[in-house]
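> Curious how this folds, go ahead:
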Amino acid sequence: MKKIVLLLAIQFLVYLGFGIIIPVLPEVIVQNQWNEVHVGGLLTVYALASFFTAPFWGQLSDKFGRKHLILVGLVGFCLSFLIFSLFIDHLFMLYFSRIVGGLFSGALYTSVTGYISDISTNENRNKYMGLMGMSIGLGFIFGPAIGGVLGEKSLHLPFTASAALIAILFVIALIGLKEPERKGEANKRQIIPKGASTLFQYRVRYLFLFSFFVTFTLAGVEATFQLFQINRISITPLQLGYLFMFSGFVDAFIQGGVIRQIKDGTETKWLFAAQIVTAIGLLLIALTSSLVTAGIALCVFTAGNALARTCVVSLTTKESGGKYGLAAGLSYSMDNLGRIIGPLFFTVLFKIGMSLTYYISFIISLIIIVFIFIFSRSKKSLRTELE
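Here you go, the predicted structure:
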């Protein structure tokens, strides 16, 4: 159990590190008077580095062992924070630090997932993977809040503190973790999973497209929300951190409470509702006039987006015809593509017109309801054919 706790702590810190930059990065860009497009660029290169190197790290994990890759990942991730802190006024070095961070976060994800698979049984693996998902979610919730609080004192501090914590975690992992007995392969997260073309022949393909646009919109909001609110209500990193923390609890409530109420066969109705709520949230963001209205708008958007993300994953597995691994791999790919393209697209749009960003997001959120409508009307279901 101690090993599991340590592994969960590693995943928590990885995603804490992803979230901690959200309320600080736009402030760094604004204070240095750089083009706002670099906010999207710095978020995009992180996602790119993580996405394209995950298969490589998975192979190394199988060859050299889980513990070695975890330790390497922690060193690299720690280094990325130090570089960001030390060179916070040098744009090239910020890009370099984000590439390093994305690169080694991929190492940590694949090796930790492989480690948990090795030490678990068929009976408790779902439980442990669920706990890993929860630790990732908590990282996303508390990352922006911690970044906002520490960033209020100094823009360097969130990254220095993160580097120190990860360094401590490295020492604990070095002493406390032992190489597990190998039971299988690490989760390599292939860029294009084998057999993808099979699933795209069925109506489940509309769910993958829907999943992409849901994450695409979320990544766009993460990249531009603070820039928009700096111009609209002069929001500070601390205030933004609290707003993201509250919205994180809304996300947790949706996934932990509301999702349980969804009955089999009613998913498409919930997805329709989720997108309507998401669109309303985006429209409210565009109409922000105070910190309170900004918080309400962000929470409304988060509620709709969280419901859509979780519900579409559940429905996708049901429509995969038992190909759960393949479906999960494709969902991961779509999610990452959204995180790669979304920040850059929406920050470029932000430069054209601030409010335009959210009005277009509002329209996109309504348009992608079409995918759910086409999905519900299609009879070409892999689940049906197998049954």
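
> Backbone torsions only: list them for residue 203.
Torsion angles at residue 203 (phi, psi; degrees, to the nearest 10) stand at phi -70, psi -10.

> Against residue 234, how distant is residue 349?
22 Å (Cβ to Cβ, to the nearest Å). For every residue, glycine as well, the C-beta is placed using N, CA and C.

> Could you do residue 117 as well?
In this view, residue 117 and residue 234 are 48 Å apart by Cβ to Cβ.

> neighbour-wise, which of the two wins?
residue 117 (19 against 9; other Cβ atoms under 10 Å).

> Flag the shaky bits of the stretch 151-300 of the chain, pLDDT-wise.
182-197, 255-256, 259 (pLDDT under 70).

> Please, where are all the helices along it?
Per DSSP state H, counting those that start in this stretch, the stretch 151-300 of the chain carries helices over the ranges 157-176, 196-199, 204-233, 237-256, 267-286, 291-318.

> Go through the ones you listed and pick out the most buried.
helix 204-233 (a mean of 23; mean count of other Cβ atoms under 10 Å).

> can you give me the offset of that helix from its chain's centre?
Here helix 204-233 is found 11 Å from its chain centre; the criterion is Cα atoms, centre = their mean, to the nearest Å.

> packing partners for that helix?
helix 25-31, helix 37-64, helix 237-256, helix 267-286, helix 291-318, helix 324-352, helix 354-367, helix 369-377 (3 or more Cβ pairs under 8 Å, 6 or more residues apart in numbering; DSSP states H and E).

> at 7 Å instead, please
Packing partners of helix 204-233 (3 or more Cβ pairs under 7 Å, 6 or more residues apart in numbering; DSSP states H and E): helix 25-31, helix 37-64, helix 291-318, helix 324-352, helix 354-367, helix 369-377.

> looking at those, which is closest to residue 208?
Evaluated with Cβ to Cβ, those place helix 324-352 nearest to residue 208, the distance being 5.2 Å.

> Show me what counts as buried in the closest one.
Neighbour counts using 16 or more other Cβ atoms under 10 Å place 326-347, 349-350 of helix 324-352 among the buried residues.

> Now do it and helix 354-367, the angle between them.
Taking axes from the mean of the first three to the mean of the last three Cα atoms, to 10 degrees, one finds that helix 324-352 is oriented at 150 degrees with respect to helix 354-367.

> ok and helix 324-352 relative to helix 204-233, angle-wise?
Interaxial angle, helix 324-352 versus helix 204-233 (the same axes, to 10 degrees): 30 degrees.

> roughly how far out does helix 324-352 sit from the chain middle?
Remark: helix 324-352 is offset 10 Å from the chain centroid, using Cα atoms, centre = their mean.

> Can you name every helix or strand that that helix contacts?
Packed next to helix 324-352, using 3+ Cβ pairs under 7 Å, 6+ apart, are helix 37-64, helix 196-199, helix 204-233, helix 291-318, helix 354-367.

> can you list the ones you listed in CSV and add distance to residue 28?
Output for the helices and strands packed on helix 324-352, formatted as CSV (distance: least, Cβ to Cβ, whole Å):
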stretch, distance to residue 28
helix 37-64, 9
helix 196-199, 38
helix 204-233, 11
helix 291-318, 20
helix 354-367, 19
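
> Could you break the chain into its assigned domains?
Residue ranges for the domains of the chain, per automatic domain parsing: 1-189, 194-387.

> quick one: the helices in the stretch 1-150 of the chain?
With helices called from DSSP H, counting those that start in this stretch, the stretch 1-150 of the chain shows them at 2-20, 25-31, 37-64, 66-86, 91-119, 125-153.
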